[in-house]
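Peer 1: predicted model and sequence follow; I will ask about them next.
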Amino acid sequence: MHNTRQIKIFIGAMMAAAIITAGYAGMMSHTVHTYFALAVLGMAATTSRMKVKLPGVNGNMSVNLPFLLTAVVSLSAVEAVLITCVSTVVQCWPRKNAKFNPQQMAFNLSMMSFASCVASLMFHAHWLRGMQWSSSTLGLVLATATLFLGQTAPVAAIVAVSEGKAAGQIWWGLAHLSFPYYVVSAGVTTIVQAVGSHLGWGLALAVFPVMYGIHRSYKLYFGRMAQALNSEVSVKAAGAGA
């Protein structure tokens, strides 16, 4: 009962943070990129269903991150938040015969909205614009780091509250498994920006096959890791039983 109350308080705090930051972004954002935003939205929503189960952790990783990063660095904060929210709903919508969990949806929406909004505001910060050539690179690094912390830290916290485990240990497990993918996603986003600025955004979105390949690779890798963990647990259980 105590954990249930704490979970509700935590989700409420996340929702409040998301609403405040999204409202601020709405006042700061004025530019609209209709066709590019729709194209990024389509790719983000499509790849959001390409999920990978993280071994040893109660969570999944979606391969839509490069498109969310592209929205953060190429579109306004409001557009980035809208794309993130739609793709999150698509990602978290239960499959056939699965039960809809409104608490889980509210947490995921608020967490993802808050992370993408802060990342966008960070990338478009005025103090970065004065750094000339390094502003774009530093902005992408900061945006990626913000998304990384904004997504992994709340997940670790909510799991720690619900399961009564140490948040730091859970976060380290998430960070250890997902950090390389954030680095890869930053690289893919850089390619999208470079190709899009020279050859048009339509060709830039041709990175979809690349993301599908990464999804398959991660699925195989994490699948083998999960099998190894299960085998290790089975061996320990057998040894204890003997």
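Peer 2: Here it is on my side, so go on.
Peer 1: can you confirm N3 is in a helix?
Peer 2: Yes - under DSSP: H, G, I helix; E, B strand; the rest coil, N3 falls within a helix.
Peer 1: count of residues packed around it?
Peer 2: Residues lying near N3 (other Cβ atoms under 10 Å) number 11. The C-beta positions use only the backbone N, C-alpha and C, and glycine is treated the same way.
Peer 1: try T4
Peer 2: 11.
Peer 1: equivalent analysis for T144, please.
Peer 2: 23.
Peer 1: hmm, it is touching V184, no?
Peer 2: No - applying Cβ atoms under 8 Å as the test, T144 and V184 come out as separate, 10.4 Å apart.
Peer 1: neighbours of S48, just the number please.
Peer 2: For S48, using other Cβ under 10 Å, the count is 23.
Peer 1: could you give me the buried positions within stretch 90-101?
Peer 2: Using 16 or more other Cβ atoms under 10 Å as the test for burial, stretch 90-101 gives 90-92.
Peer 1: out of those, which is nearest to V155?
Peer 2: Nearest to V155, judged by Cβ to Cβ, of the buried residues of stretch 90-101 is C92 at 12.5 Å.
Peer 1: show me where the protein has strands.
Peer 2: 51-53, 60-62 (DSSP state E).
Peer 1: now the last one: average pLDDT?
Peer 2: Strand 60-62 shows a mean pLDDT of 67.
Peer 1: using TSV, lay out the buried residues of stretch 90-101 together with pLDDT.
Peer 2: Shown next, in TSV, are the buried residues of stretch 90-101 (pLDDT from 0 to 100):
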residue	pLDDT
V90	89
Q91	86
C92	85
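Peer 1: just put those in JSON lines and tack on distance to M50.
Peer 2: JSON lines is the format used below for those (distance: Cβ to Cβ, whole Å):
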{"residue": "V90", "distance to M50": "11"}
{"residue": "Q91", "distance to M50": "9"}
{"residue": "C92", "distance to M50": "14"}
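Peer 1: in helices only, show me those residues.
Peer 2: Per DSSP state H, helices hold the following members of those: 90-92.
Peer 1: closest to K8 out of those?
Peer 2: Nearest to K8 among these, with distances taken as Cβ to Cβ, is C92, at 18.3 Å.
Peer 1: what's the closest of the buried residues of stretch 90-101 to M15?
Peer 2: C92 (15.0 Å).
Peer 1: if we can go back for a sec, and which of the ones in helices among the buried residues of stretch 90-101 is nearest S110?
Peer 2: Closest approach to S110 among those (Cβ to Cβ): C92, at 11.9 Å.
Peer 1: of the buried residues of stretch 90-101, which is the nearest to L69?
Peer 2: Nearest to L69 among these, with distances taken as Cβ to Cβ, is Q91, at 15.4 Å.
Peer 1: now do the contacts for that closest one.
Peer 2: 48-49, 51, 62, 64, 108 (Cβ atoms under 8 Å, 6 or more residues apart in numbering).
Peer 1: for it, give its distance to L68.
Peer 2: 11 Å (Cβ to Cβ, to the nearest Å).
Peer 1: those helices in this structure, which residues are they?
Peer 2: 2-28, 34-48, 65-74, 77-92, 102-123, 126-129, 135-163, 167-199, 201-204, 208-241.
Peer 1: and among those, the most buried is which?
Peer 2: Highest mean neighbour count among the helices of the chain (mean count of other Cβ atoms under 10 Å): helix 65-74, with a mean of 27.
Peer 1: got a list of contacts for that one?
Peer 2: So helix 65-74 is contacted by 33, 36-37, 40-41, 43-44, 47, 79-80, 83-84, 87, 116, 119-120, 123, 136, 139-140, 143-144, 147, 181-182, 185-186, 188-189, 192-193, 196, 207, 211 (Cβ under 8 Å, 6+ apart).
Peer 1: sounds good, over and out.
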